[in-house]
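A.B. asks: just coords:
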């Protein structure tokens with residue numbers, strides 16, 4: 001059924017309900033002659049009269065009564081569906097699916113979610129923790145959060161945090177057994193806890209900076225894990241040294257549970273970005289999420305990280 005046929009049925013329903021071409025025309029925003037032409041077109045297509053009309057009255061034929069009984073509920077359902085869809089834009093609601101690594105969830109998103117969900121009680125947030133580089137479009141996600149150096153191409157990206165400072169850290173119990181490294185090359189004599197990307201099976205590069213030059217170092221990885229929380233836990237147990245964003249570890253520095261080493265050699269990496277596909281008509285729930293997470297209040301929170 002094409003748009004013209006649907007328009008004919010809507011016009012027929014309005015005439016039947018109001019029993020007047022003039023009143024139906026006012027309801028439809030059409031002229032009476034246009035409504036009359038539409039009904040004639042419908043009757044021609046059906047091959048049967050659906051309305052009996054005189055100069056004084058309009059009434060349904062038997063065929064028209066049967067058609068109205070079947071058409072009216074369907075048209076009402078269509079109108080309700082359209083109104084409900086429009087309501088999603090007028091009042092943000094529905095579910096948004098966000099793909100992000102565990103460290104971004106802990107450091108960036110979870111601290112902001114309480115305020116967001118209070119402000120938008122009709123929005124459900126479905127977080128999928130994923131340390132791989134998932135294609136958010138093919139996997140049905142609305143948006144993702146990643147470090148700026150690992151963003152997918154052809155995405156709209158909004159910055160959530162400033163650059164992240166990296167740190168090599170270990171527990172006092174580890175340094176009770178081994179002297180702290182003084183230069184990156186000393187790490188060859190240390191046990192290191194390394195991160196492995198699940199998708200590519202590649203090891204995360206430990207990057208260091210000397211003057212303006214950055215370089216990667218292949219460390220001795222006695223333990224390899226694909227979860228940053230477990231890497232942190234292993235470092236706290238004194239298993240070895242870990243290479244992590246220091247913003248995530250401040251509480252452990254304050255308590256003395258972890259100690260930073262090689263501080264003068266450490267680089268910054270691009271901060272976290274919220275990214276999503278370009279959409280001409282962005283769902284209102286996603287628009288609310290993007291605006292809230294990148295708004296002035298959360299930008300002040302980002303600067304404090």
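C.D. replies: Done, it's in. None of these values were measured; they are calculated from a predicted model.

A.B. asks: Any regions of the protein where pLDDT drops low?
C.D. replies: Applying pLDDT under 70 to the chain flags the ranges 1, 83-90, 149-150, 152, 198-200, 279-281, 296-305.

A.B. asks: Domain-wise, how is it divided?
C.D. replies: 3-88, 94-162+271-303, 164-269 (automatic domain parsing).

A.B. asks: Tabulate those in JSON lines, adding columns for mean neighbour count.
C.D. replies: Every C-beta, even on glycine, is put in place using the N, C-alpha and C of the backbone. Listed next are the domains of the chain as JSON lines, based on neighbours: other CB atoms under 10 Å:
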{"stretch": "domain 3-88", "mean neighbour count": "15"}
{"stretch": "domain 94-162+271-303", "mean neighbour count": "16"}
{"stretch": "domain 164-269", "mean neighbour count": "16"}
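
A.B. asks: Now do the closest residue to residue 172 other than its chain neighbours against residue 174, distance only.
C.D. replies: Using CB to CB, 6 or more residues apart in numbering and skipping residues adjacent in sequence, the residue nearest residue 172 is residue 259, 6.2 Å away. Distance of residue 259 to residue 174, computed by CB to CB, to the nearest Å: 9 Å.

A.B. asks: Counting by contacts, list what the longest helix anywhere in the chain packs against.
C.D. replies: Ordering each helix of the chain by length in residues (DSSP state H) puts helix 62-90 first. The contact analysis (3 or more CB pairs under 8 Å, 6 or more residues apart in numbering; DSSP states H and E) places helix 62-90 against helix 3-18, helix 284-293.

A.B. asks: returning to what we had before: in the sheet, who's paired with the residue nearest to residue 172?
C.D. replies: Residue 259 has the following beta-bridge partners by DSSP bridges: residue 170.

A.B. asks: what about it, distance to residue 194?
C.D. replies: In terms of CB to CB, residue 259 sits 19 Å off from residue 194.

A.B. asks: same thing with residue 273?
C.D. replies: Distance from residue 273 to residue 194, by CB to CB: 25 Å.
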